[in-house]
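[1] take this sequence and fold it.
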Amino acid sequence: MQTRPRAKFYQQMTAIGAMTINEVRSLENYPPVGRDVMTTANTIRATFLDINQDYQASDADPWADEADVSERGEEAKDVQFNMAPSHSQARRLMKLEWFRANPNWVGTFNTNLMGLAAFGERLIGIQYPLFGINSVFEVLDFKFILGEGGILQGATIQVQSMTDTAYQWDTSQEGTAPVSDETTSDDDLPVPDAPDVLIIAGPAAELSFPPTGNILLNYMVRWKKTADTE
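    Just a heads-up that it's a prediction; the model follows:
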């Protein structure tokens with residue numbers, strides 16, 4: 001069963017239309033497999049914080065486009081998600097990273113003052129009929145455009161496409177988590193035998209016990225007198 005954890009987020013997204021865009025500084029459309037063989041990635045490799053490995057960084061199951069790997073070989077991108085506490089979360093982040101490495105559109109737009117609505121947003125909707133664009137974009141950079149006298153005139157927004165498919169998830173995408181390496185050790189501390197106790201006159205006793213066999217270990221004995229013969 002698929003889930004869409006960001007559905008509400010998309011419904012409330014800031015949208016920028018053709019009336020807001022003053023200039024298209026750059027706009028490139030890429031094939032589905034990515035930008036080109038030099039900049040795309042068809043495999044995402046990552047590490048995450050594995051609680052089953054004593055909180056050490058472990059390799060997650062790679063996120064790969066198997067069809068593209070078969071066609072032109074592996075083009076891998078290595079990332080670190082060492083604050084991700086589970087393999088499942090790391091896989092979700094790897095999926096997002098794959099979409100970032102394979103956008104359909106990448107561009108930079110100059111907007112008028114209405115473009116300021118995108119300030120501080122991570123994802124925005126862009127509608128630009130001239131190029132047939134009506135989709136979600138991730139904001140890579142946001143700069144204010146200042147005119148003469150420092151008057152704010154608009155914004156320059158650098159974006160790349162990010163579809164809601166990147167946020168859809170089902171159990172088939174969980175991958176295979178690394179197997180924890182549980183080892184046993186025979187270096188546990190030995191349990192000493194009870195010492196022999198000889199009561200001496202007065203509040204004193206003589207204790208005898210065999211040596212520990214380890215110069216780093218010492219005996220600590222607690223005792224309480226309960227009778228003159230014990």
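
[2] could I get the contacting residues of the residue nearest to the spatial centre of the chain?
    With distances taken as Cα atoms, centre = their mean, residue 81 lies nearest the centre of the chain, 3.5 Å away. Residue 81 makes contact with 46, 47, 48, 49, 60, 89, 90, 93, 94 under the criterion Cβ atoms under 8 Å, 6 or more residues apart in numbering. To be clear about C-beta, it is placed using only N, CA and C from the backbone, and glycine gets the same treatment.

[3] isn't the fifth one right next to residue 89, touching?
    No - because the distance of 9.6 Å does not satisfy Cβ atoms under 8 Å, residue 60 is recorded as not touching residue 89.

[4] residues in contact with the helix ranked longest in the chain?
    Ranked by residue count, the top helix of the chain under DSSP state H comes out as helix 87-101. With contacts defined as Cβ under 8 Å, 6+ apart, helix 87-101 is touched by 34, 40-41, 44, 46-48, 50, 58, 60-63, 65, 77, 79, 81, 84, 138, 160, 162-163, 165-167, 169, 173-175, 177-178.

[5] hmm, back to that, show me just the buried residues among the contacts of residue 81.
    For the contacts of residue 81, burial is judged from neighbour counts taken by 16 or more other Cβ atoms under 10 Å, and it is met by 46, 47, 48, 49, 60, 90, 93, 94.

[6] with adjacent residues omitted, what lies nearest to the second one?
    In this case it means residue 47. The spatial neighbour of residue 47 that comes closest, neighbours along the chain excluded (Cβ to Cβ, 6 or more residues apart in numbering), is residue 57 at 4.3 Å.

[7] so what's the residue count around that neighbour?
    When neighbours are counted by other Cβ atoms under 10 Å, residue 57 registers 14.

[8] and it, what element?
    Taking DSSP states H and E as the definition, residue 57 sits inside strand 56-59.

[9] got the contact list for that strand?
    With Cβ under 8 Å, 6+ apart as the contact definition, strand 56-59 has outside contacts at 45, 46, 47, 48, 49, 50, 80, 82, 87, 178.

[10] so which of those residues are in helices?
    Where the contacts of strand 56-59 overlap with helices, as defined by DSSP H, the overlap consists of residue 87.

[11] what's the span of stretch 161-178 from first residue to last?
    Distance across stretch 161-178, first residue to last, is 32 Å (Cα to Cα, to the nearest Å).

[12] in that stretch, which residues are buried?
    Neighbour-count burial for stretch 161-178, counted by 16+ other Cβ under 10 Å, picks out 161, 162, 166, 167, 169, 175, 177.

[13] which strands and helices lie in contact with whichever helix or strand comes after the strand holding residue 57?
    Along the chain past strand 56-59, the next helix or strand (assigned with DSSP H and E) turns out to be strand 63-64. Here strand 63-64 touches strand 43-50, helix 87-101, going by 3 or more Cβ pairs under 8 Å, 6 or more residues apart in numbering; DSSP states H and E.

[14] quick check: mean pLDDT across the shortest one?
    Model confidence over strand 43-50 averages 94 on the pLDDT scale.

[15] what lines up beside that strand in the sheet?
    The strands that strand 43-50 pairs with in its sheet are strand 56-59 (antiparallel), strand 63-64 (antiparallel), strand 76-81 (parallel) (by DSSP bridges).
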